[in-house]
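Asker: Structure of the sequence below:
(chains A and B)
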Amino acid sequence: MLVELLRGLKTTFKMMLEKPVTIQYPEEKRPVRPRFRGRHELRRYDNGLEKCIGCALCAAACPANAIFVEASENTDEERYSPGERYASTYEINMLRCIYCGFCEDSCPTEAIVLGDQYELSFGDRYEAIYTKDRLLVPVTSGAELTPQRTKPGLYTRSVPEMKDPTD
Amino acid sequence: MAKQVTLTIDEKTVTVPAGTLVVDAAKMAGIDIPVFCYHPKMEPVGMCRMCLVEIGRPAIDRATGKPVLNEDGTPQVRFFPKLETACTNPVSEGMVVKTTTEKVQEGCKDILEFLLTSHPLDCPVCDKGGECPLQNLTLAHGPTGSRFLFDEKHHAAKHIPLGDLIYLDRERCIQCGRCIRFQSEIVGEPVLGFSERGRNTEIVTCTDPGFDSIFSGNTTDICPVGALTTANFRFGARPWELKSAASICGECPVGCNVTFNTRREVKSGGEIVIKRVMPRQNEQVNEIWICDKGRFAHHHAQDNARLGKPQVRKDGKLHSAPWKAALALAAEKLGAAKKDAVVLASGRLSNEDLFNLKQLADGLGGKALLYSGMGGGDLTTQFGVGQGTNFADMGAGTAILVVASDLYTQAPIWWLRVKQATDRGATLIVANPGETRLDKFATHVLHYAAGDETKTLAAQEITKAFAEAENAVVLFGSDGLDLNGSQSLAQSCADLLRKNGHVGKPNNGLIGVWKNANDQGARELGFRPVEKLAAALKGKTVYLVAADPADDEAKLADALKGADFVIVQEIVSTETAKMADVVLPAQAFTECEGTFTSGERRVQRFHPALPPHGESRPDHVITAQIAGQIGIDLEGGPAALVFERIAATVAGFDGLTYDKLAEVSEQWPIVGREDLYYGGTSYENTQGLGVQLAPAARRDA
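Answerer: Numbering: from 1, shown residues only, chains lettered A, B, ... in the order given. Model (predicted):
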């Protein structure tokens, strides 16, 4: 019996010398994996225009029916995204979302991306519905917020030129 | 019956009438040959080459004229060395068609690759995406990649308003010419055309204002790509997000079958709204078309301020009140008024609503008046068109008289169908005070001075045509006429028909071009307009339903002020409702169930598309609840039960049930199924074709 006890304690003492696997969350945070699927964000182009064109393919792909999109028309005086169409309403119900990433896969402009953010808590159900202004990333320095006034004929294409889908 | 021809398509033996095109024969046999430019309602042109198939015909020995036989005794079939278009080749005896061989598949693939060389591939932002023939056929038959250089894509203007209602995207256009042919062949208004040539070919409108046609919306249905889209639905929703409900258009008495597409909308505060109106196939009423009035007018209906709660006047002001109090007050006043009660209703209501109102008026001993300025209702019931009437069957040997009505604006689909009857050889006589758009298709055009309309009917052209014709139809309106004037015009029209024996038979009879969708139904159910309406309202207890006389005429507004008590049942806050003592909020026809009787006396069902607004209730239920408190037993349950009572009491409706109205039979062309490319995005009719009432002249015989 003593032998078994010592054998057990041997493991215990050995572990005392090793680095702990736990961390002091939330003071300390572990970096997420490159393909981690956290809370969504809506990306922008470098010039500040929104990538989202309101095509609602994400809503169609969503197995949990968590996304609601309504589109409107861009004008050169009030431009939100390249091309004719932009999402005037974009809502994701985070209580419904199962973080499968189908929305990201279906997006033709790489506008919706599942980010690193995983700390989600809501006071009520309405708060769980992320509207477009909460999902959109801030503009990079120097770029203009949407809507922008743009030169006519500059942004006629909604979908950027196709790149190799494997990268 | 036309001669039958037997041929083989993909090992399947098919027998079809001679003259059928291969593509249609295949469709009848359930074999899909992809098409872009071909449309079953139009003449084939063979422009897109999408329908290329292998066609073999039995070899004939030129010397003997007999078929050449194989060694085993079967007829030898010789295939043309190249692919042939299935849309331009009519079937012939012993023909063998192959649609799935490698050669055919290669052909499909190559044609699609060519079509896509300059197609922008902006499906994510295209309104057609999701119900697009080019998208579907590319997925089914297309190549996975293009051998053409992306940089050499032809770029063209993407957003051209052809008119106020239709936008053209030249880059998406594949030059199939369906829109051009629809306008010139079917409508007879060639307002679109091709301009330039080769790769620069583009669709242009050649009228000012652009796309000057009331049927323009139909081109967006038959456009096989997203080149033509409506301004109304632009970026409104993706097709797969829409829910649909079968209904009947409420804009005019034609009774076009439509489908309402609905979705939640942020602009409307998250309410479910009608996003677009699409045609629903009924070959006997509207085929697969609807007019722009029906397609685009629904927005106006939603703009107005809806009534959500009952209101009762207290101290000279209208205050919201609970249903119980409002109904009790209305019942008390109507019950006390007895024969001094007047029910004034319009043809905007369903048969069920009108039936209950009529029963209430009868139970009280009061009057049931129709709010309409057009007479002749008793005559259309008596001499209306016979059962089985279909404009599509009218051609040579049929005389059509259109009098005192501009069909183009009042009943556009009748205009279209009358025009098509003239294409088939019908004699058309148009008699109007002024020029109308129908004149150029008419055999005889008669213009008369106001007041001479009955005299005009005695014109030699008309009497001769009606005497000679095998079938004859009269469409009479009330342009420039009052109640008595239109009544006597209808009488003369009826006399003309009766004299020549054109009553009680299919494709013969009298049609009233009424103002509202169910004006004919109101007349069938016993509602009649009166000439001196103001006098009829004075000092009475008036129950107005779906009628707004105060807004229409100051005289009637005064008359209502002089009425004893005014109960208004409406969907929106009208001028009349503002004068009422009790206001009862009713459901719009888009929110409840019921039936309309079209001008051709076809009873058709409509289904709820939207949830009811606020506390509103269906009209027939409100009436039944009022009647119940007075002690008159009316059906206040589902509309189907009210319809049972109509069938039991009203002549002509006997034997009809909701189930009977919901019956469908196979219709040609086949539209609205998975294969949108064939007939366009018109909906298939699975909810019922309705039943045409027999005219009283027939019933008495």
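
Asker: When you work out contacts or count neighbours from here on, use the C-alpha atoms and nothing else.
Answerer: Noted.

Asker: backbone phi and psi for residue B:608, please?
Answerer: The phi/psi pair for residue B:608 (degrees, to the nearest 10) reads phi -70, psi 140.

Asker: so who does it touch?
Answerer: Going by C-alpha atoms under 8 Å, 6 or more residues apart in numbering or on different chains, residue B:608 touches B:245, B:246, B:247, B:589, B:590, B:591, B:592, B:593.

Asker: try 10 Å this time
Answerer: B:244, B:245, B:246, B:247, B:260, B:588, B:589, B:590, B:591, B:592, B:593, B:594 (C-alpha atoms under 10 Å, 6 or more residues apart in numbering or on different chains).

Asker: same question, residue B:679
Answerer: B:35-36, B:38-41, B:221-224, B:288, B:669-673.

Asker: interface residues of the stretch 151-300 of chain B facing chain A?
Answerer: B:157-159, B:234-238, B:240-241, B:264-267 (C-alpha under 10 Å from any C-alpha of the partner chain).

Asker: Now name the helix or strand holding the closest residue in space to residue A:144 that isn't next to it in sequence.
Answerer: Nearest non-adjacent residue to residue A:144, counting by C-alpha to C-alpha, 6 or more residues apart in numbering or on different chains: residue A:48, 5.3 Å away. Per DSSP states H and E, residue A:48 falls between elements, in no helix or strand.

Asker: can you tell me how far residue A:48 sits from chain B?
Answerer: Residue A:48 sits 20 Å away from chain B, going by C-alpha to the nearest C-alpha, to the nearest Å.

Asker: Quick check on that residue: phi, psi?
Answerer: phi 100, psi -10.

Asker: What about it, how many residues nearby?
Answerer: Using other C-alpha atoms under 10 Å in any protein chain shown, residue A:48 has 22 other residues around it.

Asker: correct me, but it touches residue A:80?
Answerer: Yes: when contacts are counted by C-alpha atoms under 10 Å, residue A:48 is listed as touching residue A:80 (8.8 Å).

Asker: what touches both of the two?
Answerer: Residues touching both residue A:48 and residue A:80 (C-alpha under 10 Å, 6+ apart): A:145, A:146, A:147, A:148.

Asker: who are the neighbours in contact with the third one?
Answerer: Each residue near residue A:147 by C-alpha under 10 Å, 6+ apart is listed here: A:48, A:49, A:50, A:74, A:75, A:76, A:77, A:78, A:79, A:80, A:81.

Asker: same thing but at 8 Å, please
Answerer: Residue A:147 neighbours (C-alpha under 8 Å, 6+ apart): A:49, A:78, A:79, A:80.

Asker: one step back: list only buried entries from the shared contacts of residue A:48 and residue A:80.
Answerer: A:146, A:147, A:148 (16 or more other C-alpha atoms under 10 Å in any protein chain shown).

Asker: so what's the last one bridging to?
Answerer: Yep, that's residue A:148 we're talking about. residue A:79 (DSSP bridges).

Asker: Let's see which of the contacts of residue B:679 end up in helices.
Answerer: B:221, B:222 (DSSP state H).

Asker: With respect to residue B:96, which of the contacts of residue B:679 is nearest?
Answerer: residue B:35 (19.4 Å; C-alpha to C-alpha).

Asker: What values do phi and psi take at that closest one?
Answerer: phi -140, psi 160.

Asker: downstream neighbour of the longest strand along chain A in the secondary structure list?
Answerer: Longest strand of chain A, by residue count under DSSP state E: strand A:85-93. Next helix or strand after strand A:85-93 toward the C-terminus (DSSP H and E): helix A:102-106.

Asker: Show the average pLDDT along that next one.
Answerer: Summarised as a single mean, pLDDT over helix A:102-106 is 95.

Asker: cool, stretch B:408-415 as well?
Answerer: On average, stretch B:408-415 scores 96.

Asker: Could you do stretch B:284-298 as well?
Answerer: The average of the pLDDT scores along stretch B:284-298 is 93.

Asker: Check what contacts it and list those residues.
Answerer: Residues contacting stretch B:284-298 (C-alpha under 8 Å, 6+ apart): B:214-218, B:232, B:249-251, B:254-258, B:274, B:276-282, B:389-392, B:412-413, B:682.

Asker: Distance from the chain centre to that stretch, please.
Answerer: Offset of stretch B:284-298 from its chain centre (C-alpha atoms, centre = their mean, to the nearest Å): 4 Å.

Asker: Among the residues of the stretch 151-300 of chain B next to chain A, which one lies nearest to residue B:485?
Answerer: Looking across these and measuring by C-alpha to C-alpha, the closest to residue B:485 is residue B:234, at 44.9 Å.

Asker: do you know how far the closest one is from residue B:158?
Answerer: Remark: distance between residue B:234 and residue B:158 (C-alpha to C-alpha, to the nearest Å) = 13 Å.

Asker: Dump the contacts of residue B:608 to TSV, plus distance to residue A:30.
Answerer: What follows is these, written out as TSV (distance: C-alpha to C-alpha, whole Å):
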residue	distance to residue A:30
B:244	49
B:245	52
B:246	56
B:247	58
B:260	53
B:588	59
B:589	60
B:590	56
B:591	55
B:592	58
B:593	60
B:594	63
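
Asker: Give me every residue in chain B lying close to chain A.
Answerer: Counting by C-alpha under 8 Å from any C-alpha of the partner chain, the residues of chain B close to chain A are B:122, B:124, B:125, B:235, B:236, B:237, B:238, B:241, B:265, B:266.

Asker: need the contact list for the closest residue to chain A within chain B.
Answerer: In chain B, no residue comes nearer to chain A than residue B:124, which is 5.0 Å away by C-alpha to the nearest C-alpha. By C-alpha under 8 Å, 6+ apart, the residues touching residue B:124 are A:55, A:56, A:57, A:108.

Asker: Over to residue B:545: give its phi and psi.
Answerer: phi -130, psi 120.

Asker: So it is in contact with residue B:572, correct?
Answerer: No: the criterion here is C-alpha atoms under 8 Å, and residue B:545 misses it with residue B:572 at 11.4 Å.

Asker: Of those two, which one has the most company?
Answerer: Comparing residue B:545 with residue B:572 by other C-alpha under 10 Å, the one with more neighbours is residue B:545, at 28 against 20.

Asker: what is the more buried one paired to in the beta sheet?
Answerer: For residue B:545, the beta-bridge partners under DSSP bridges are residue B:345, residue B:569.

Asker: residue contacts, it?
Answerer: So residue B:545 contacts B:343, B:344, B:345, B:346, B:568, B:569, B:570 (C-alpha under 8 Å, 6+ apart).

Asker: and the residue nearest the centre of chain B, what is it in contact with?
Answerer: Nearest to the geometric centre of chain B sits residue B:256, at 2.1 Å (C-alpha atoms, centre = their mean). Residue B:256 makes contact with B:248, B:249, B:279, B:280, B:282, B:285, B:286, B:290, B:413, according to C-alpha under 8 Å, 6+ apart.

Asker: Tell me who's in contact with the residue nearest to residue B:48 when sequence neighbours are not counted.
Answerer: Nearest non-adjacent residue to residue B:48, counting by C-alpha to C-alpha, 6+ apart: residue B:37, 5.7 Å away. Counting by C-alpha under 8 Å, 6+ apart, residue B:37 touches B:44, B:45, B:46, B:47, B:48, B:176, B:177, B:178.

Asker: switch to 7 Å and redo it
Answerer: By C-alpha atoms under 7 Å, 6 or more residues apart in numbering or on different chains, the contact set of residue B:37 is B:46, B:47, B:48, B:176, B:177, B:178.

Asker: what do you get for residue A:60?
Answerer: With C-alpha under 7 Å, 6+ apart, residue A:60 has no contacts at all.

Asker: so where's chain B uncertain?
Answerer: B:1, B:300-304, B:698-701 (pLDDT under 70).

Asker: Give me the subset of the residues of the stretch 151-300 of chain B next to chain A lying in strands.
Answerer: Within those, residues falling in strands by DSSP E are residue B:264.
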